[in-house]
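Student: I would like to see how this sequence folds:
(chains A and B)
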Amino acid sequence: MIPELGLFALVLTFCLAFIQSFAGLAGAYWRKPEWLALVRPMASGQFVFAALSFGLLTWSFIVNDFSVEYVALNSNTELPFFYRIAAVWAAHEGSLLLWILTLSAWTLGVAWANKDMPIVFRARILGVLGLINCGFMLFVMATSNPFIRLLPAALEGRDLNPLLQDPALVIHPPILYAGYVGLAVAFAFAVGALIEGKVTSNWARWLRPWTLLAWAFLTVGVALGSWWAYYELGWGGWWFWDPVENASFMPWLMATALIHSLAVTEKRGLFKSWTVLLAICGFSLSLLGTFLVRSGVLISVHAFASDPARGLFILIFLGLCIGIALGLYAWRAPAFGSGGGFKVLSRESFLLLNNLMLVVAAGLILIGTLYPLFIDALEMGKISVGPPYFNLVFLIPTLPMVLLLGVGMHSTWKRARWEMLWLRLRTPLSIAVPVALGISFAWGRPSVLTFVGVFAGVWVILSALSEVRQRQKMGRSFFALPRSVLGMLTAHIGLGLFVLGTTVTSVFSIEKDLALRAGDVVELAGYQIKLETLRNTEGPNFDAVEGVVTIRRDGEMVTTLYPQKRVYRVQTSPMTEAGIEAGWTRDLFVALGDDLGNGSWSLRIQFKPLVRFIWLGALVMAFGGLLSMSDPRYRKKRQAEAPAPELAEGTAP
Amino acid sequence: MTRFIAPIITLAILVGFFFVGLHKDPSIVPSPLIGKPAPVYELPLLLKPDETLGTEKLLGQVYLLNIWGTWCPGCRVEHGALLEIERQNIVPIYGLNLKDDPRLARQWLAELGDPYVATMVDTEGRVSIDWGIYGAPETFLVDHDGMIVHKLIAPINMQIWHEDFLPLIQQLKAAQP
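Tutor: Sure thing, here's the model as predicted:
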């Protein structure tokens, strides 16, 4: 009965979302106040029933109802409680239900926040959001119903994929989806603006906090995925340029570009059609990622079980969604006007460069990700594109961007002056250069790229701090800074930490693959690593061989690690659980490999300096986003429009 | 105007590619071994450990070489199909047991039935590397002269057998005087 109720709740959600979108879009078109009044209650109802449907599926997992096929395939009585809940979104069907719930939550937020938004425009946005959710619900009901019964019921479930039995994986999908789906809000705002035929600075002011929130979620989500890959896949790498990783990274790049472009649209009334296009592209790339991951057109380590029917459905949905939006764009955007005045040296220029480089980076990743598919579709053979391509092409636009960022932060709107920039930047510059030189030479393997990478990281951090100092010099206290500025500076410091961590880790990591017997000692980066013993152990649903590895430095005990090689009983797949000694300045990473016979085991031992800065940087960035989003300015009453640039500068559009 | 139309044109091209891509399977990788002689090896047998078998002893017949292991769920899936193919008695099937516990492997054949004329044991996986194997199950079709004619990286089933393997085998047998 419970799963049937769950499906019923989903059907109701669909109906409510459909009424919401019809009332919103048609009500706005024909100006029917009574229809428009329906939109908000429908959004609330949609959320309640989506949550109910999701809750009922979760219940089936909690009570181990193996008469539900999806539960039987992804859970097991031995599976610990929290993983039973996480198993709800561990495979295709349930994760789509999570997607629907998340979109309903964003819809609810848009419906009830932004009190000063005109009712007609809000109805249009909610109409678009409702349509998107309808599409996803149709998809679930037509091809991916998680509530299907299994007759006869299974006695025992097939267990959750062992790779996913991990705390980070419990929270990774919900957070990532919150980001992916949050970009739908920007998409809906863009479509709404295209329907109305105007982009105002209030439009940008309403959209900015939503975009910042989605971006912060996306940042944390991507970082969690990378952290998980680092310790769970057992290889010690933190980014693999896998299609699924790229699918999450491209929307992030677009959202980052959008945040910056929105700033220009709000403050200066410029870049209007560009901002709208970015808002469309961000969510389009989310949809594209969904398609790539769930249709089986690319090979990936994370791919869901693929099904051509599902692939076709998403492709049609994706084509319709993005097609309509871009069609509207081609029709309406030319009227937005693109003229406006700013000098070459101005904040606008720097933000324009930032945007171009982020979009170029996303484009290059897109090409690399899809290249195997292009070649295959053209019958030109089978190829794969590996990390060397991505590592190279990604740096080409992003490294200059980070270097320019340090200057851009200090430039002023319309027109900046070199003398002033120099005044503010000479201190950061005079510190960053020696630090970068010092670090590059410290380990005796100096290279240009190391220097540039370290310099870029330190440079951005100091440049952000120097902005704070300047403001203090002008007599304002640190806390009197607007939160949007503080947030911006914080996020840029986060980026600096990330760049620093990435550079140092990739250049100075030491990695050894060894065959060790109990009692053997190895020396690595000044640490003595000893495999004390190997023992058998077991967890709730797995058996494992565990290595006891002690780490000493100059004879003094640092820590003991317990890397495991697990075999999960139901799926009988081996899993590597690395032992990691984490620290601010370095990680020591020990992964147990294979039994080589005669009591000797292969071990992978790594020394990874500053690797924590990669995720720390991402968290700081996300915190910056949230800080900026909380700026009270975004909740103020509607403001007078920024002067149209044509009028302000006296140039024709 | 172009810059406003460019996005939707890009989308149309992408969707076109995706549509074509949907009908292709990226996991089908043509093996560089096809049309090449089978690697030379000699391995002990699972059921008669003091006897060996290898490429040279198998020359002169068309046969299937099936790579399997008790650790591989796909192998369990295809086992019924292998038994069915064996019953049809068209070509002999030889097994290559990969990185497995011989005890478990013998138990598997005793419980599920043995479709193989003989199973060779590759505990270390060294021979499998020569065959370019990156997973199990995989099935190779080898001709009279020891040339690899076809390769399947997936559990075999009767549909694949009828559509992909049988026509090739009939050609091979027809070509042979």
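
Student: mind checking how far residue A:435 is from chain B?
Tutor: In this view, residue A:435 and chain B are 43 Å apart by CB to the nearest CB, to the nearest Å. Heads up, the C-betas are built off the backbone N, CA and C, glycines and all.

Student: Can you tell me, leaving aside adjacent residues, what's nearest to that residue?
Tutor: Counting by CB to CB, 6 or more residues apart in numbering or on different chains, residue A:435 lies nearest to residue A:458, which is 5.0 Å off, once chain neighbours are set aside.

Student: Which of the residues in the helix or strand hosting the one you found are classified as buried?
Tutor: If you go by DSSP states H and E, residue A:458 is part of helix A:448-473. Buried residues in helix A:448-473, counted by 16 or more other CB atoms under 10 Å in any protein chain shown: A:450-468, A:471.

Student: same for that helix, what does it pack against?
Tutor: helix A:387-408, helix A:418-442, helix A:483-508 (3 or more CB pairs under 8 Å, 6 or more residues apart in numbering or on different chains; DSSP states H and E).

Student: Kindly present these as JSON lines, with separate columns for mean pLDDT and mean neighbour count.
Tutor: Formatted as JSON lines, the helices and strands packed on helix A:448-473 follow (pLDDT from 0 to 100; neighbours: other CB atoms under 10 Å in any protein chain shown):
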{"stretch": "helix A:387-408", "mean pLDDT": "89", "mean neighbour count": "17"}
{"stretch": "helix A:418-442", "mean pLDDT": "88", "mean neighbour count": "15"}
{"stretch": "helix A:483-508", "mean pLDDT": "93", "mean neighbour count": "22"}
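
Student: where in chain B is pLDDT low?
Tutor: Applying pLDDT under 70 to chain B picks out residues B:25-32, B:134-135, B:177.

Student: Check whether stretch B:78-95 comes near chain A.
Tutor: No - residues of stretch B:78-95 are not located near chain A by CB under 8 Å from any CB of the partner chain, the shortest gap being 16.0 Å.

Student: Contacts for that stretch, please.
Tutor: Stretch B:78-95 is contacted by residues B:46, B:53, B:58, B:61-68, B:112-113, B:115-120, B:137, B:141, B:155-158, B:161, B:166, B:169 when judged by CB atoms under 8 Å, 6 or more residues apart in numbering or on different chains.

Student: was I right about residue A:399 contacting residue A:452?
Tutor: Yes - using CB atoms under 8 Å as the test, residue A:399 is close enough to residue A:452 to be in contact (6.4 Å).

Student: where do the strands sit along chain B?
Tutor: For chain B, the strands defined by DSSP state E occupy B:42-44, B:52-54, B:63-68, B:93-98, B:118-122, B:138-142, B:148-152.

Student: Can you tell me the centre-most residue of the chain?
Tutor: Unless you meant another one, I'm taking chain A. For chain A, the residue nearest the mean C-alpha position is residue A:218 (2.8 Å; CA atoms, centre = their mean).

Student: oops, I was thinking of chain B
Tutor: Per CA atoms, centre = their mean, the C-alpha nearest to the average position across chain B is that of residue B:139, at 1.4 Å.

Student: and it, how far is that from chain A?
Tutor: 20 Å.

Student: and that residue, what is it in contact with?
Tutor: When the contact criterion is CB under 8 Å, 6+ apart, the partners of residue B:139 are B:64, B:65, B:66, B:67, B:151, B:152, B:156.

Student: What about the fourth one, how many residues nearby?
Tutor: Applying other CB atoms under 10 Å in any protein chain shown, we find 23 residues neighbouring residue B:67.

Student: before we move on, what about the first one?
Tutor: For residue B:64, the number of neighbouring residues by other CB under 10 Å comes to 26.

Student: In this structure it contacts residue B:138, no?
Tutor: No - here residue B:64 does not reach residue B:138: they are 10.8 Å apart, not a contact under CB under 8 Å.

Student: Give me the spatial nearest neighbour of residue 7, chain neighbours excluded.
Tutor: Defaulting to chain A. Residue A:7's closest residue in space is residue A:147 (CB to CB, 6+ apart), at 4.3 Å.

Student: ah, no, chain B please
Tutor: Nearest residue to residue B:7 in three dimensions, chain neighbours excluded: residue A:326, at 4.7 Å (CB to CB, 6+ apart).

Student: And for the one you found, the neighbour number?
Tutor: 25.

Student: Tell me the confidence at it?
Tutor: At residue A:326, the model reports a pLDDT of 96.

Student: Could you tell me which residues make contact with the residue nearest to the centre of chain A?
Tutor: Applying CB under 8 Å, 6+ apart to residue A:218 gives the contacts A:176, A:179, A:180, A:182, A:183, A:248, A:251, A:252, A:255.

Student: Relative to chain B, how far out is it?
Tutor: Distance from residue A:218 to chain B, by CB to the nearest CB: 22 Å.

Student: ditto for residue A:499
Tutor: Distance of residue A:499 to chain B, given as CB to the nearest CB: 31 Å.

Student: likewise residue A:225?
Tutor: Relative to chain B, residue A:225 is positioned 22 Å away (CB to the nearest CB).

Student: That residue: which element?
Tutor: Per DSSP H and E: helix A:201-232 holds residue A:225.

Student: How about residues contacting stretch A:12-31?
Tutor: A:32-33, A:35-36, A:38-39, A:42-43, A:45-46, A:49-50, A:53, A:100, A:104, A:107, A:120-121, A:123-131, A:133-134, A:137-138, A:141, A:195.

Student: what about 7 Å?
Tutor: Outside stretch A:12-31, the residues that touch it by CB atoms under 7 Å, 6 or more residues apart in numbering or on different chains are A:35-36, A:38-39, A:42-43, A:45-46, A:49-50, A:53, A:120, A:123-124, A:126-127, A:130-131, A:133-134, A:137.

Student: same thing with stretch B:64-71?
Tutor: By CB under 7 Å, 6+ apart, stretch B:64-71 touches A:572, B:75, B:82, B:91, B:93-100, B:104-105, B:108, B:128, B:133, B:136-142.

Student: just the buried members of those residues?
Tutor: The neighbour-count criterion (16+ other CB under 10 Å) marks B:75, B:82, B:91, B:93-98, B:100, B:105, B:108, B:128, B:133, B:136-142 among the contacts of stretch B:64-71 as buried.

Student: Count the neighbours of residue 154 for me.
Tutor: Answering for chain A, as no chain was given. Residue A:154 sits with 14 neighbouring residues when counted by other CB under 10 Å.

Student: The intended chain is chain B.
Tutor: 16.

Student: show me what contacts the closest residue to residue A:255 other than its chain neighbours?
Tutor: Closest residue in space to residue A:255, ignoring its immediate chain neighbours: residue A:215 at 4.4 Å, by CB to CB, 6+ apart. The contact partners of residue A:215, taken as CB under 7 Å, 6+ apart, are A:255, A:256, A:259, A:625.
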